[in-house]
Every structure is written in C-alpha cells, then in structure tokens.
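# Okay, sequence plus prediction incoming.
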Amino acid sequence: MHSVLEMIEFEPLAVRGDQLRGPCPLPECPHHDRREFSVHRTKSVFYCFTCKKGGNQLDLWAAVQKLPIYDAAKDLCERTNNGVPWLKPRLNSHRNQ
C-alpha cells in the first residue's frame, strides 16, 4: 500500500498508528480538502467516508487511474518494476478423448 500511496502523492493530515487520514484522492469524490479518506497500512485497505469507496491497493490504483482492474494490475506491475505474473497455458489432457 505504501508504494501506491507514494505514487498517487497522498499526503495524510493525521496519523494514528497504522491508520492514515486525509483528503480523498479519488477523482469522483466531491471533497478533496477533508480527512474523510482512511488508510490502514497493515491491512492494506482504504475507505472514503464521503464517496463510500473502499478496497485494497489495486482497487485504489484502478480508481485513481480510472482503469479497469485488469489494466490497473498490469500498469501497477510495470510501474513498480515487477513482472506481470502471467499464467502459463495448461495442456488439457482430456482434450482428445
């Protein structure tokens, strides 16, 4: 969650243990000047009490970048220099039966 928060340039207004509070970074949220956005760093989850959006770090990246979750996952892997974990095709042993 930490790297996603840095990438979206989230600046918390309050810190209490593993909990951060600050303005909501989501583009559709009407209030960007309040402490309505909450992040729990240990659990890697977020929630906005204004726009009622929440989820994990991938959900946050997808929402901020306005991408479908699949595209957001590929984009996040590339931006963090992690390879996209493509699945290898499986051979179907029952195919010719």
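Arrived safely, thanks for sending.
# Quick one: low-confidence residue ranges for this protein.
Within the chain, the segments meeting pLDDT under 70 span 32, 92-97.
# which residues in this protein form helices?
2-7, 57-65, 69-79 (DSSP state H).
# and R21, which of these is closest to it?
Of all these, the one in closest proximity to R21, counting by Cβ to Cβ, is helix 2-7 (12.4 Å). Every C-beta, even on glycine, is put in place using the N, C-alpha and C of the backbone.
# Name the stretch among the helices of the chain that sits most buried.
Mean neighbours per residue, mean count of other Cβ atoms under 10 Å, is largest over the helices of the chain for helix 57-65, with a mean of 20.
# Dump that helix to CSV, restricted to CA.
Listed next in CSV are the C-alpha coordinates belonging to helix 57-65 (Å, rounded to 0.1, in the frame of the first residue of the first chain):
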residue,chain,number,x,y,z
GLN,A,57,-4.2,-1.1,-3.1
LEU,A,58,-5.1,-2.4,-6.5
ASP,A,59,-8.6,-1.1,-6.2
LEU,A,60,-7.2,2.3,-5.2
TRP,A,61,-4.8,2.4,-8.1
ALA,A,62,-7.6,1.4,-10.5
ALA,A,63,-9.9,4.1,-9.2
VAL,A,64,-7.3,6.9,-9.2
GLN,A,65,-6.1,6.0,-12.7
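# How are the strands of this protein distributed by residue range?
14-16, 19-22, 37-40, 45-48, 54-56 (DSSP state E).
# Can you list the strands that the last one pairs with?
Strand 54-56 pairs in its sheet with strand 45-48 (antiparallel), by DSSP bridges.
# What residues sit buried inside the partner strand?
Across strand 45-48, burial judged by 16 or more other Cβ atoms under 10 Å covers V45, F46, C48.
# coming back round to it: between the helices of the chain, which gets nearest to L26?
L26 lies closest to helix 57-65 among those, at 5.2 Å (Cβ to Cβ).
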